[in-house]
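Asks: Take a look and give me a structure for this.
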Amino acid sequence: MSQLSERPEKPVVGVSMPHESANLHVTGAALYTDDLVHRTKDVLHAHPVQVMKAHGRITALRTEPALAVPGVVRVLTGADVPGVNDAGMKHDEPLFPDTVMFHGHAVAWVLGETLEAARLGAAAVEVELDEQPSLVTLEDAIAAGSFHGARPLMLAGDVDAGFEDSAHVFSGEFQFSDQEHFYLETHAALALVDENGQMFVQSSTQHPSETQEIVAHVLGLHSHEVTVQCLRMGGGFGGKEMQPHGFAAVAALGAKLTGRPVRLRLNRTQDLTMSGKRHGFHAQWKIGFDAEGRIQALDATLTADGGWSLDLSEPVVARALCHIDNTYWIPNARVAGRIARTNKVSNTAFRGFGGPQGMLVIEDIMGRCAPLLGLDPMELRERNFYRQGQATPYGQPVTHPERISTVWQQVKDDAGIAGREREIAAFNAAHPHTKRALALTGIKFGISFNLTAFNQGGALVLIYKDGSVLINHGGTEMGQGLHTKMLQVAATTLGIPLHKVRLAPTRTDKVPNTSATAASAGADLNGAAVKNACEQLRERLLQVAGGQLGTNASDVRIVEGVARALGNDKQLAWDDLVRTAYFQRVQLSAAGFYRTEGLHWDAKAFQGSPFKYFSYGAAATEVEVDGFTGAYRIRRVDIVHDVGDSLSPMIDIGQVEGGFVQGAGWLTLEDLRWDSGDGPNRGRLLTQAASTYKLPSFSEMPEEFNVRLLENATEEGAVYGSKAVGEPPLMLAFSVREALRQAAAAFGPGGVGVELASPATPEAVYWAVEAARGGGSGVPADASALSHA
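Replies: Residues are numbered from 1 along each chain as shown. Purely as a prediction, here's the structure:
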């Protein structure tokens with residue numbers, strides 16, 4: 001076992017424990033960025049000047065009326081920017097634009113003594129616009145040829161030969177929805193100039209180092225003149241990876257110009273109308289199967305709705321291409337990706353980061369084609385699972401492919417699939433207007449940033465004379481439990497009880513040049529860095545302990561806060577050991593670092609091994625559908641998920657449950673609607689609140705919800721043998737959508753394939769039921785017409 005994976009005697013990792021801030025969360029005592037306003041004197045409040053048109057060139061911007069509003073202190077415009085007027089890493093996102101690119105685009109910001117004064121001031125600003133034609137829908141952009149960014153192409157094998165060798169060929173297209181993050185805490189920043197002239201920004205950000213970088217270049221400063229801190233976030237889900245930077249820069253600019261602290265917090269409507277979503281996609285595909293139902297070839301084009309600027313759309317599309325195979329071997333593939341430019345908010349990272357979109361395409365294909373091939377959907381999926389020695393279409397060997405079948409079989413056993421399928425068949429035969437179905441789907445998700453340079457982490461660990469330990473690391477806490485795991489890693493590595501370790505908020509002046517807490521890599525990167533720093537300290541302390549105990553350092557073990565010598569009864573308490581080390585002038589602080597090894601990626605050739613490992617999982621979902629209304633309920637869910645050897649089982653199970661429910665929301669409930677008409681509100685987001693944008697709630701939870709972590713699943717080369725958990729469970733919700741498809745099909749004759757919209761709202765399920773009753777209209781194409789020997 002590798003040094004990074006091996007666990008010492010009596011580790012604190014692997015022990016189930018609550019989130020380190022759980023008590024603060026449930027009592028309301030946890031502080032978030034905007035709570036700090038009440039601890040700050042003379043704060044100004046920022047409010048956006050939003051233009052409610054989808055596209056147009058600004059011909060006049062008059063701020064004088066705002067300055068006449070009582071309580072308004074200043075109006076920020078592009079003329080005030082001392083550095084670069086841009087909030088994006090691609091330099092295509094003007095902080096103060098001269099062209100409105102989406103409905104609700106902020107063109108200026110008003111600072112007021114109160115939020116109400118700033119709001120009234122923003123309403124008084126006069127903006128004249130030369131309106132331009134707008135592209136609101138993905139179809140509009142594709143028809144107009146409106147694209148931007150890279151156009152990756154993934155090639156494997158000989159696609160044309162693969163189709164020639166196929167006994168059955170099907171083609172179709174599929175468009176599916178974007179998704180709002182709807183984190184509980186909206187975007188927030190609080191900026192002030194400290195007593196040393198340093199710009200200090202509190203930001204609700206997943207990427208403090210990049211927030212620091214953007215704030216610095218907007219203000220015309222160097223990074224060492226800007227410090228960004230993230231105390232904690234009330235949810236992020238990827239929506240705070242890139243998008244907080246501009247808001248932090250506005251607050252910082254206001255603080256620099258006025259000399260007073262500036263608070264910027266979006267209300268819910270502003271957050272929904274100004275910040276990006278998960279990318280909606282359009283897919284056009286053609287697939288070939290042999291006579292036994294094994295995939296021979298896939299030709300597909302994936303088009304993402306990028307919105308008005310690039311943001312993270314390029315890596316999102318790249319990851320979508322890398323995950324279109326999911327758990328299935330595709331020997332011959334040609335998959336193209338492109339990014340549509342629309343007059344909507346700039347779509348961004350969202351849990352899974354393109355992976356769910358790519359995987360949804362292949363799962364939709366399998367669900368649609370199984371009846372046309374005369375196969376049970378579970379059987380079709382099983383026949384195509386990766387086997388040992390096979391590689392992905394982008395050339396990475398699939399490690400531990402046996403785990404795909406292992407988790408699949410465990411779910412089958414746990415859920416009693418065979419017996420329940422008989423019960424469902426009997427129920428459906430007896431109930432003409434209500435049908436049940438049970439679907440099983442699996443996942444394979446690559447862990448690491450596609451961009452190799454991002455796969456690094458840092459940490460700073462300090463031991464004080466009294467034996468207490470303080471750790472800083474580059475990851476941010478958004479409720480996912482990263483800090484809890486880091487505390488457990490530090491305590492395990494040092495061999496001390498958990499109560500000895502405290503964790504400080506994430507700050508750019510403690511750990512520099514950090515990567516975003518994203519790509520499910522937070523624990524892998526930062527955990528390994530914390531472990532590295534603690535190992536340095538432990539080695540120094542072992543030398544001291546060896547001297548005190550009269551033995552070699554290599555024969556000393558520190559367990560549960562006591563240093564003991566092998567082979568004798570001598571021991572030394574941790575606090576005494578630390579105090580002795582101090583008096584011997586031993587350094588009691590260490591900077592840790594980790595870089596993920598074994599990664600290589602050629603973005604142009606779209607080939608390489610971009611992922612450290614793959615996470616696997618499987619879920620079985622049973623649903624019941626009402627044939628009159630399309631309404632449905634989730635009766636039972638069974639999940640087995642691979643997290644390696646869990647660092648913190650309670651945290652990981654919570655992440656699996658939460659990810660599954662969020663995925664089910666995306667696929668069945670959350671229906672973003674935009675005004676695509678030609679009226680005055682063209683481009684307006686219609687679903688601007690929880691009243692019109694339906695989120696999963698207790699009523700959508702499975703009536704029976706069973707989650708189990710895969711056992712004996714040590715991951716070599718990862719911190720204490722663990723695996724990432726943040727993103728992969730979201731894709732387990734494919735089983736919900738596929739169960740709804742099968743239940744809708746059960747209203748028609750046998751062998752019927754139905755299309756199912758995404759999200760599969762009750763309305764969409766109703767139309768799928770009607771299609772099934774009509775004999776399966778809306779299938780990819782007639783099987784006989786599209787098949788050839």
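
Asks: Can I get stretch 383-395 in PDB, CA atoms only?
Replies: Extracted C-alpha coordinates of stretch 383-395, given in PDB (Å, rounded to 0.1, in the frame of the first residue of the first chain):
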ATOM      1  CA  ARG A 383     -23.700  -6.100 -21.800                       C
ATOM      2  CA  ASN A 384     -21.900  -2.900 -22.400                       C
ATOM      3  CA  PHE A 385     -20.000  -2.500 -19.100                       C
ATOM      4  CA  TYR A 386     -16.200  -1.800 -19.300                       C
ATOM      5  CA  ARG A 387     -14.000  -4.900 -18.800                       C
ATOM      6  CA  GLN A 388     -10.400  -5.200 -17.700                       C
ATOM      7  CA  GLY A 389      -7.900  -3.800 -20.300                       C
ATOM      8  CA  GLN A 390     -10.400  -1.500 -22.000                       C
ATOM      9  CA  ALA A 391      -9.800   2.200 -22.400                       C
ATOM     10  CA  THR A 392     -12.100   5.300 -22.700                       C
ATOM     11  CA  PRO A 393     -12.500   7.000 -26.100                       C
ATOM     12  CA  TYR A 394     -10.000   9.600 -25.000                       C
ATOM     13  CA  GLY A 395      -7.400   6.900 -24.300                       C
END
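
Asks: What mean pLDDT does it get?
Replies: What stretch 383-395 shows for mean pLDDT is 98.

Asks: Check stretch 637-656 too.
Replies: 98.

Asks: cool, and stretch 740-758?
Replies: On average, stretch 740-758 scores 95.

Asks: What are the buried residues along that stretch?
Replies: Judged by neighbour count (16 or more other Cβ atoms under 10 Å), stretch 740-758 contains these buried residues: 740-748, 752-758. All C-beta atoms are positioned from the backbone trio N, CA, C, and that covers glycine.

Asks: Between its first and last residues, what's the separation in that stretch?
Replies: From its first residue to its last, stretch 740-758 covers 11 Å (Cα to Cα, to the nearest Å).

Asks: I'd say S177 and L669 touch.
Replies: No: using Cβ atoms under 8 Å, S177 and L669 do not qualify as a contacting pair, with a distance of 10.2 Å.

Asks: what touches both of those two?
Replies: Residues touching both S177 and L669 by Cβ atoms under 8 Å, 6 or more residues apart in numbering: P759.

Asks: quick one: the helices in the stretch 351-500 of the chain?
Replies: In the stretch 351-500 of the chain, the segments counted as helices under DSSP state H, counting those that start in this stretch are 355-372, 377-383, 402-415, 417-430, 482-494.

Asks: tell me what the second one is packed against?
Replies: Just to be clear, that refers to helix 377-383. On a contact count with 3 or more Cβ pairs under 8 Å, 6 or more residues apart in numbering; DSSP states H and E, helix 377-383 meets helix 355-372, strand 434-447.

Asks: what about the first one, distance to the chain center?
Replies: The gap between where helix 355-372 is centred and where its chain is centred comes out at 21 Å by Cα atoms, centre = their mean, to the nearest Å.

Asks: and that helix, what does it pack onto?
Replies: Judged by 3+ Cβ pairs under 8 Å, 6+ apart, the packing partners of helix 355-372 are strand 168-176, strand 281-289, strand 295-307, helix 313-322, helix 377-383, strand 434-447, helix 649-668, helix 734-745.

Asks: Dump these into TSV; add distance to V489 as well.
Replies: Output for the helices and strands packed on helix 355-372, formatted as TSV (distance: least, Cβ to Cβ, whole Å):
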stretch	distance to V489
strand 168-176	38
strand 281-289	37
strand 295-307	36
helix 313-322	27
helix 377-383	36
strand 434-447	17
helix 649-668	12
helix 734-745	32
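
Asks: which stretch among those comes nearest F454?
Replies: helix 313-322 (9.5 Å; Cβ to Cβ).

Asks: So which elements touch the closest one?
Replies: strand 295-307, strand 333-341, helix 355-372.

Asks: and the angle for the last one with helix 649-668?
Replies: For helix 355-372 against helix 649-668, the angle between stretch directions is 60 degrees (axes from the mean of the first three to the mean of the last three Cα atoms, to 10 degrees).

Asks: Could I get the average pLDDT for helix 355-372?
Replies: Helix 355-372 comes out at a mean pLDDT of 98.

Asks: which residues sit in contact with the residue nearest to V169 when sequence neighbours are not counted?
Replies: Nearest non-adjacent residue to V169, counting by Cβ to Cβ, 6 or more residues apart in numbering: G288, 4.7 Å away. Going by Cβ under 8 Å, 6+ apart, G288 touches G162, F163, D165, S166, H168, V169, I295, Q296, A297, L298.

Asks: From those residues, keep the buried residues only.
Replies: G162, F163, S166, H168, V169, I295, Q296, A297, L298.

Asks: and of the contacts of G288, the nearest to G276?
Replies: For these, the nearest to G276 is L298 (29.1 Å; Cβ to Cβ).

Asks: give me the beta-bridge partners of the closest one?
Replies: When bridges are called by DSSP bridges, L298 pairs up with I287, A333.

Asks: Could you pull up the contacting residues of it?
Replies: Applying Cβ under 8 Å, 6+ apart, the residues contacting L298 are V159, W285, K286, I287, G288, I324, I330, N332, A333, R334, V335, I362.

Asks: Just send the helices and strands packed on helix 377-383 back as TSV, with mean neighbour count and distance to G663 too.
Replies: Compiled in TSV, the helices and strands packed on helix 377-383 are given as follows (neighbours: other Cβ atoms under 10 Å; distance: least, Cβ to Cβ, whole Å):
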stretch	mean neighbour count	distance to G663
helix 355-372	25	7
strand 434-447	25	10
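
Asks: Could you dump those into a markdown table with distance to L498 added?
Replies: Listed next are those as a markdown table, based on distance: least, Cβ to Cβ, whole Å:
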| stretch | distance to L498 |
| --- | --- |
| helix 355-372 | 33 |
| strand 434-447 | 26 |
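
Asks: Quick one: closest of the ones you listed to D678.
Replies: helix 355-372 (29.4 Å).

Asks: For stretch 511-525, buried residues please.
Replies: Neighbour counts over stretch 511-525 (16+ other Cβ under 10 Å) mark 511-512, 514-525 as buried.

Asks: swap in stretch 120-132?
Replies: Quick answer for stretch 120-132 (16+ other Cβ under 10 Å): L120, G121, A122, A124, V125, V127, L129.

Asks: Sitting in strands, which of those do you find?
Replies: Counting by DSSP state E, those place V127, L129 in strands.

Asks: From the buried residues of stretch 120-132, pick the one nearest L577.
Replies: A122 (59.6 Å).

Asks: do you know how far that closest one is from L67?
Replies: Note on A122: its distance to L67, by Cβ to Cβ, to the nearest Å, is 12 Å.

Asks: go on, V559?
Replies: On the measure of Cβ to Cβ, V559 and L67 end up 67 Å apart.

Asks: ditto for L730
Replies: 47 Å.

Asks: the more surrounded of those two?
Replies: Between L730 and L67, counted using other Cβ atoms under 10 Å, the more crowded position is L730 (29 against 14).

Asks: tell me the contacts of the more buried one?
Replies: Per Cβ under 8 Å, 6+ apart, neighbours of L730: R351, G352, P356, G659, F660, Q662, G663, W666.

Asks: Kindly reformat those as a markdown table containing distance to E402.
Replies: Below are the contacts of L730 laid out as a markdown table (distance: Cβ to Cβ, whole Å):
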| residue | distance to E402 |
| --- | --- |
| R351 | 27 |
| G352 | 24 |
| P356 | 24 |
| G659 | 24 |
| F660 | 23 |
| Q662 | 29 |
| G663 | 25 |
| W666 | 30 |
